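Asker: Model the following, please.
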Amino acid sequence: MTPETSPSGNSLKEAWKTTILAFLASRVLSGLFVYLGHIHRSRISDPGAWEGVSHPWLNPWTTYDSVYYLVIARSGYIFENITTAFFPFYPWLLKLGGSQQTGMAAAGVIISNLSFLFALFLLYRLTEIDFGPSVSKKTVWLLAFFPTTSFFSAVYAESIFLLLVLGSFFSARKGKWEFAGICGLLASLTRNPGALIFVGLALEYFRSVDYDFRRLRFPPLFFISQPLIGFIGMQFYLWHKLGIPMAGVASQQSFYRSPGWPWEAVWKDFVGFFTYLHFDLVTFINLLVIFATVFLLVRFGRILRPSYGVFLIGLILMNLIYYIKIPPHTTGTARYILTAFPFFQLLALLVEKNGFRALARPMAGTYAYTCFLFSFLFGLKSFLG
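Answerer: Residues are numbered from 1 along each chain as shown. This is a model prediction of the structure:
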């Protein structure tokens, strides 16, 4: 199989047009509601959580996990039971803002927003290869206005991780294995699904040689192994530094996570939601994302590339297999799905179907309303994942 051909100039212009419009609209509108929530926040909803940096414009974008990225950027891995759950590439970038917390937070917000802008462009380009421009546009807009979109502008690693993952898969689709490996390596130093990226790239490479193992070559195999090497190398580094084997996994206990069957978390939250034990919007969205993923995979799984399917399913299972033992047990699902780009491709395919066109406006209104509500909650520093 040959790498996909390059798009025309008009296609690139349309990609940038869609990207810039979706980026500006989502950042302005979601940001507005984040600041509205920030204005109405008398105190943080979780008394034990970090208040954020003191700068009033930066404060809403620094919450919960932001403190760990800033600590690693400034002091390295000093709290081994907590900070080892976070990977170093994003904190390294935060150092561009200097040594002070406010400067690093400002750098983080800039890096996150720029990364999201280019991630939307790559998402359009990658989706266009398989599904054409119409689905590409919908995919970009659906991601830009997803309820937890505020994380893409915050001092969190979601934006840079998404950019690197898309860069890795897009390079693989173009047959540029060296760039696929470099992006995959950096992604594995940003978040923990390095093994998933490796499997996805391996599937793409095997498909490119028509699954003929006699045509396998060492250079591409070396490059596609980089995400796995990055993840393993990071664990060995922490073991050497702190004396804790698989420190990144062991640290999950500090966040009340431990292994279990993936359906346990879903069933517990499902029962808890409908028996009013934890009847709240965040639990509802988490469950909705999980059930929607199953439905979309059943409905469109046959036309989804195997590498994309593995990445999507793997990200969902990582959160559910090592789930939080205190309710809501599916915590994090609505945030982690942000980087599972195939989910938004499948969602766009669903919207594209004729039967949904009559419901387009009310669905779009509900989707936007949920986005703005979650953005307001983000500004209140409610825990959304």
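
Asker: and whichever helix in the chain runs longest, how far out from the chain's middle?
Answerer: In the chain, ranked by residue count with DSSP state H as the criterion, the top helix is helix 101-144. Relative to the centre of its chain, helix 101-144 is centred 11 Å away, using C-alpha atoms, centre = their mean, to the nearest Å.

Asker: Name the residue closest to the centre of this structure, please.
Answerer: For the chain, the residue nearest the mean C-alpha position is Thr339 (2.4 Å; C-alpha atoms, centre = their mean).

Asker: mind checking how far the closest residue to that residue other than its chain neighbours is from Asp65?
Answerer: Distance criterion C-beta to C-beta, 6 or more residues apart in numbering; nearest residue to Thr339, sequence neighbours excluded, is Leu162 at 4.6 Å. All C-beta spots, glycine's among them, are computed from the backbone N, C-alpha and C. Separation of Leu162 from Asp65 (C-beta to C-beta, to the nearest Å): 16 Å.

Asker: More neighbours: which of these two?
Answerer: Neighbour totals were compared for Leu162 and Asp65, and Leu162 leads with 26 against 19 (other C-beta atoms under 10 Å).

Asker: correct me, but that one touches Ala119?
Answerer: Yes. Between Leu162 and Ala119 there is a contact under C-beta atoms under 8 Å: 4.5 Å.

Asker: Who are the contact partners of Ser153?
Answerer: Taking C-beta atoms under 8 Å, 6 or more residues apart in numbering, we find Ser153 in contact with 27, 30-31, 34, 61, 109, 112-113, 116, 159.

Asker: Switch those over to JSON lines; also include neighbour count and pLDDT.
Answerer: Shown next, in JSON lines, are these (neighbours: other C-beta atoms under 10 Å; pLDDT from 0 to 100):
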{"residue": "Arg27", "neighbour count": "19", "pLDDT": "98"}
{"residue": "Ser30", "neighbour count": "27", "pLDDT": "97"}
{"residue": "Gly31", "neighbour count": "19", "pLDDT": "98"}
{"residue": "Val34", "neighbour count": "25", "pLDDT": "97"}
{"residue": "Trp61", "neighbour count": "27", "pLDDT": "97"}
{"residue": "Val109", "neighbour count": "19", "pLDDT": "98"}
{"residue": "Ser112", "neighbour count": "24", "pLDDT": "98"}
{"residue": "Asn113", "neighbour count": "17", "pLDDT": "98"}
{"residue": "Phe116", "neighbour count": "27", "pLDDT": "98"}
{"residue": "Ser159", "neighbour count": "26", "pLDDT": "98"}
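
Asker: mind giving me CSV with those and columns for distance to Ile224?
Answerer: CSV is the format used below for these (distance: C-beta to C-beta, whole Å):
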residue, distance to Ile224
Arg27, 34
Ser30, 35
Gly31, 37
Val34, 38
Trp61, 35
Val109, 33
Ser112, 27
Asn113, 30
Phe116, 26
Ser159, 24
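
Asker: any idea how far Ser75 is from Ser99?
Answerer: 10 Å.

Asker: how many other residues sit next to Phe131?
Answerer: 18.

Asker: Make sure it is actually in contact with Leu350.
Answerer: No. The pair Phe131 / Leu350 is not scored as a contact, 11.9 Å apart, by C-beta under 8 Å.

Asker: So for the residue nearest to Ile111 when sequence neighbours are not counted, what's the pLDDT?
Answerer: The shortest distance from Ile111 to any non-neighbouring residue, by C-beta to C-beta, 6+ apart, is to Leu93 (5.3 Å). Looking at Leu93, its pLDDT is 98.

Asker: and Leu93, how far is that from Phe87?
Answerer: From Leu93 to Phe87 the distance is 12 Å (C-beta to C-beta).

Asker: More neighbours: which of those two?
Answerer: Phe87 (24 against 21).

Asker: ok, and for stretch 269-280, which residues are buried?
Answerer: 269-270, 272-273, 278 (16 or more other C-beta atoms under 10 Å).

Asker: ok so, going back, sec struct for the residue nearest to Thr339, please.
Answerer: helix (DSSP: H, G, I helix; E, B strand; the rest coil).

Asker: Report the contact partners of it.
Answerer: 115-116, 119, 152, 338-339, 341.

Asker: measure Leu277 to Tyr323 for me?
Answerer: 16 Å.

Asker: Also Ser11?
Answerer: 42 Å.

Asker: Of the two, give the one with the bigger neighbour count.
Answerer: Tyr323 (26 against 15).

Asker: Residues in contact with the helix or strand hosting Pro227: which ones?
Answerer: Applying DSSP states H and E as the criterion places Pro227 in helix 226-242. For helix 226-242, contacts defined as C-beta under 8 Å, 6+ apart pick out 77, 80, 84, 87-88, 168, 181-182, 184-189, 192, 194-195, 197-198, 201, 244-249.

Asker: Return the subset of these lying in helices.
Answerer: Going by DSSP H, the helices hold 168, 181-182, 184-188, 194-195, 197-198, 201, 247-249 from the contacts of helix 226-242.
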